[in-house]
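Chemist: Predicted model follows, preceded by the sequence.
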Amino acid sequence: HVKPERDQNNRSTYRDNWWIHGEPRANFRPALKGLRRYIATPETAKHRFFVFLDASILPDNMLVNVASSDAFVLGVLSSHIHVVWALAAGGRLGVGNDPRYNKTRCFEPFPFPDAAEPQRERIRFLAEQLDAHRKRCQELHPRLTLTEIYNVLAEVRAGEPLEPASQNIHDQGLISVLRDIQDDIDRAVAEAYGWPVDL
């Protein structure tokens, strides 16, 4: 099934090496050298969230990856400020018209705050908490997805009553704890920009 399709491909690497899944990312893999982890986000997703992935994980083309192990970067990217930026700068895709994170429009021109070191340390601390909290909940409940977690967080923020399935996700994902961490990140990042948190 693969070879006849690849025979028609315009890219010689796909056509001539038809049995190989794809091409190694020549720029990204060297950027991971010396890093134990990096930051990733789905290219297209209902909710914009960023996670640390172990450097041994080789991502596919549907993830946008940042070659940084700095939790400060994870914290800023996880803030409401960056999410609003990404929604405005990125596109939309699919049946659900889900936001698309385009690295050349959402990440590369994004102005990170010129934060003082104490501010950076606070954001790092909170981002480590965020990443650990979500991973711990998913480890305890392997079927729990980040999309489900953030769906329920959105319901909680909207003040909607939770159906039994959402209440179960709320309990498994410790959504109240997640909300507190996210709110703390939003406050810390806004402070790093010198902006009010409710801007």
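Modeler: Okay, I see it. Numbers count the residues shown, from 1 in each chain.
Chemist: Tell me, how many residues neighbour Arg11?
Modeler: Around Arg11 there are 10 other residues, counting by other CB atoms under 10 Å. For every residue, glycine as well, the C-beta is placed using N, CA and C.
Chemist: What of the one 3 residues further on?
Modeler: For Tyr14, the neighbour count with other CB under 10 Å is 18.
Chemist: Could you do Pro118 as well?
Modeler: 9.
Chemist: so which helix or strand takes in it?
Modeler: Using DSSP states H and E, Pro118 maps to helix 117-140.
Chemist: With just CA atoms, put that helix into CSV.
Modeler: Provided in CSV are the C-alpha atoms of helix 117-140 (Å, rounded to 0.1, in the frame of the first residue of the first chain):
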residue,chain,number,x,y,z
GLU,A,117,15.6,37.0,38.2
PRO,A,118,13.2,36.7,41.2
GLN,A,119,10.3,36.9,38.7
ARG,A,120,11.9,34.2,36.5
GLU,A,121,12.4,32.0,39.5
ARG,A,122,8.8,32.4,40.6
ILE,A,123,7.5,31.5,37.1
ARG,A,124,9.9,28.5,36.9
PHE,A,125,8.6,27.2,40.3
LEU,A,126,5.0,27.5,39.2
ALA,A,127,5.6,26.0,35.8
GLU,A,128,7.3,23.0,37.4
GLN,A,129,4.3,22.6,39.7
LEU,A,130,2.0,22.8,36.7
ASP,A,131,3.9,20.2,34.7
ALA,A,132,4.2,17.9,37.7
HIS,A,133,0.6,18.2,38.7
ARG,A,134,-0.8,17.3,35.3
LYS,A,135,1.6,14.4,34.9
ARG,A,136,0.9,13.1,38.4
CYS,A,137,-2.9,13.1,37.7
GLN,A,138,-2.4,11.3,34.3
GLU,A,139,-0.1,8.8,35.9
LEU,A,140,-2.8,8.0,38.5
